[in-house]
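Undergrad: fold the following.
(2 chains)
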Amino acid sequence: DGGITQSPKYLFRKEGQNVTLSCEQNLNHDAMYWYRQDPGQGLRLIYYSQIVNDFQKGDIAEGYSVSREKKESFPLTVTSAQKNPTAFYLCASSFGSWYGYTFGSGTRLTVV
Amino acid sequence: SQQGEEDPQALSIQEGENATMNCSYKTSINNLQWYRQNSGRGLVHLILIRSNEREKHSGRLRVTLDTSKKSSSLLITASRAADTASYFCATENQGGKLIFGQGTELSVKP
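TA: Below is the predicted model of the structure:
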């Protein structure tokens, strides 16, 4: 079955650590996106990529980095520069913004 | 930047009643989409309406779009307990990415 997979489901980060969240899709979608969701809030765009080897910053890119070396994969690294990383992270993919997005089930990141 | 604002923030109804949620936005759009999110899960795409469309139906869902007022509404008819979730509108403008609103939390009581 086609879909989008995020891993891990839960992640704990110590102060000063970098952590990487995985996002893989087998839908043959060109575009992929990372959003952050805080409790009771909407989604805020971190980074997006419309084609392999290219990506753009969203509204809250500071403290995050991404890569898009393969069409299927769009990993997100939360660096130590991100001062408040505790949140629910959602990855999505699409044929483009004229189509609906398919979301993964999310990664809940907690700083310990 | 948050483009859409949903209203109300929370809505509680009885099973069988209709639920209406509204979304307002600020800039011109190419399309507007509605999503559902069950607690602690990813979002599920419900319906997309293009800027040149005024109304669209999908099963028990009806979406309207008024570009002159920069607003949209989502109507869920004959609601069920399983419809309990948060509902988000999202707008797509020239930038090629979706901007989401804050969401409406719907509770349907059996």
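
Undergrad: what's the closest non-adjacent residue to the spatially most central residue of chain A?
TA: When chain A is reduced to its mean C-alpha position, the nearest residue by Cα atoms, centre = their mean turns out to be A:Trp34, at 3.2 Å. The shortest distance from A:Trp34 to any non-neighbouring residue, by Cβ to Cβ, 6 or more residues apart in numbering or on different chains, is to A:Ile46 (4.3 Å). Yep, even glycine has a C-beta here, placed from its N, CA and C like the rest.

Undergrad: A:Glu24 now?
TA: Per Cβ to Cβ, 6+ apart, closest to A:Glu24 is A:Thr5, 5.0 Å.

Undergrad: what mean pLDDT would you report for the helix or strand where the one you found lies?
TA: Assigning secondary structure by DSSP states H and E places A:Thr5 in strand A:4-7. Across strand A:4-7, pLDDT averages out at 97.

Undergrad: for that strand, packing partners?
TA: strand A:19-25, strand A:87-94 (3 or more Cβ pairs under 8 Å, 6 or more residues apart in numbering or on different chains; DSSP states H and E).

Undergrad: residue 102: neighbour count?
TA: Using chain A. 20 (other Cβ atoms under 10 Å in any protein chain shown).

Undergrad: to clarify, I was referring to chain B.
TA: Neighbour number of B:Gln102 under other Cβ under 10 Å is 19.

Undergrad: what are the boundaries of the strands in chain B?
TA: In chain B, the segments counted as strands under DSSP state E are B:5-7, B:10-14, B:19-24, B:31-37, B:43-50, B:55-58, B:61-66, B:71-76, B:85-92, B:98-100, B:104-109.

Undergrad: now do the last one, average pLDDT.
TA: For strand B:104-109, the per-residue pLDDT values average out at 96.

Undergrad: which parts of it are buried?
TA: B:Thr104, B:Glu105, B:Leu106, B:Val108 (16 or more other Cβ atoms under 10 Å in any protein chain shown).
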